[in-house]
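Visitor: dropping a prediction and its sequence here:
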Amino acid sequence: MRNKYNNIILIGFMGVGKTTVGKLLAQRLGYRFVDADQVIEEETGLSIPEIFSRYGEGYFRQLERQAIRRIFIHSGIVLATGGGAVMDPANFSFLMENGCVVALDASEETLWERLKSCKDRPMLYSENPREKMRALLEMRRPVYYKAHFVVRVDGKSPKEVADEIIAMLEVEGGDGDKK
Ligand code: S3P
C-alpha cells in the first residue's frame, strides 16, 4: 500500500490496543512492528514492573526516552509506545516529526474493563486503581488529542481499527511514496 508516511506511531492510554493494532498495521503495510516497552525489556533483561520496582518511574522514563530515539534510526516502522511516553513534551515532538502519530482512544469504561485484572501496569498500582486510571486519563487525554489523527476503538475489533487507520492513511497519503 502506498502512503506518504515513513513511520506510523501509535499512542494512547494503557489497554487501548496499541500493540495488537500495531502488529496488524505492520503486517498490512509491510512495515516492521516495534513495541517500545518490549525493546526496553529486551535491553535491560527486566520486565517493566521490575524496572519500576527496582529503579522507579524516573529511570524507566529515561530508558523510554533513549529507546524511542534509537528506534527511528530506521524507517518503515509501526511503533507502539507506552501510554506515558508522550507526556514528555520532547518525546511528543520527536514522534510528531518522525512519522504519522495516531492516537487510539477509548471510553473510561472500556479501558477499565480491559485493565481491571491486569497486574503488569505499575502506573496503576494503587489503593484505588480505578481512580488512579481516571486521573491519569484526564491528565493525558489532552496530549493524546494533539496527535495527527485520533481513532476511537470502543466496540471495534483490532482489525476494524487497523482497517480504519489504513483507510485514513490512503486518503491522506495515497499520492505519496514510502521513502
Ligand atoms: C505506562 C504504560 C505501559 C508501560 C509502563 C508505563 C504508562 O505501556 O510503558 O507500564 O505510563 O501509561 P502500555 O501503554 O503499553 O501499557
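Guide: Thanks, I have the structure now. Everything numeric in this text was worked out from a predicted model, so none of it was measured.

Visitor: just confirm residue 101 is within a strand.
Guide: Yes. Read with DSSP: H, G, I helix; E, B strand; the rest coil, residue 101 is one of the residues of a strand.

Visitor: can you count the residues close to it?
Guide: 24 (other Cβ atoms under 10 Å). Backbone N, C-alpha and C define where each C-beta goes, glycine included.

Visitor: tell me which helix or strand the residue lying closest to it once chain neighbours are set aside sits in.
Guide: Nearest non-adjacent residue to residue 101, counting by Cβ to Cβ, 6 or more residues apart in numbering: residue 147, 4.3 Å away. Residue 147 belongs to no helix or strand when assigned by DSSP states H and E.

Visitor: gap between residue 147 and the ligand?
Guide: As judged by Cβ to the nearest ligand atom, to the nearest Å, residue 147 and the ligand stand 14 Å apart.

Visitor: how many neighbours does residue 63 have?
Guide: Residue 63 has 20 nearby residues by other Cβ under 10 Å.

Visitor: repeat that for the one 3 residues further on.
Guide: Residue 66: 13 surrounding residues under other Cβ under 10 Å.

Visitor: can you pull the buried residues of the host helix or strand of it?
Guide: Residue 66 is located in helix 57-71, with elements delineated by DSSP H and E. By 16 or more other Cβ atoms under 10 Å, the buried positions in helix 57-71 come out as 60, 61, 63, 64, 67, 68, 71.

Visitor: also stretch 78-90?
Guide: So, applying 16+ other Cβ under 10 Å, buried residues of stretch 78-90: 78, 79, 80, 81, 82, 83, 84, 85, 86.

Visitor: near the ligand, list only the ones from the residues you listed.
Guide: By Cβ under 6 Å from any ligand atom, the members of these lying near the ligand are 82, 83, 84.

Visitor: just the closest of the residues you listed to residue 13, please.
Guide: Here the nearest of those to residue 13, counting by Cβ to Cβ, is residue 83; it sits at 5.0 Å.

Visitor: phi and psi next, for that closest one.
Guide: Backbone geometry at residue 83, expressed as degrees, to the nearest 10, gives phi -60, psi -20.

Visitor: what does the protein put close to the ligand?
Guide: 14, 18, 37, 48, 82, 83, 84, 121, 122, 123.

Visitor: in the chain, which spans are strands?
Guide: Along the chain, the segments classed as strands by DSSP state E run 7-12, 32-35, 77-80, 100-105, 149-152.

Visitor: who does the third one touch, helix- and strand-wise?
Guide: With contacts defined as 3 or more Cβ pairs under 8 Å, 6 or more residues apart in numbering; DSSP states H and E, the packing partners of strand 77-80 are strand 7-12, helix 18-29, strand 32-35, helix 36-44, helix 57-71.

Visitor: how far does it sit from its chain's centre?
Guide: Its chain's C-alpha centre and that of strand 77-80 lie 8 Å apart, by Cα atoms, centre = their mean, to the nearest Å.

Visitor: nice, that's everything, thank you.
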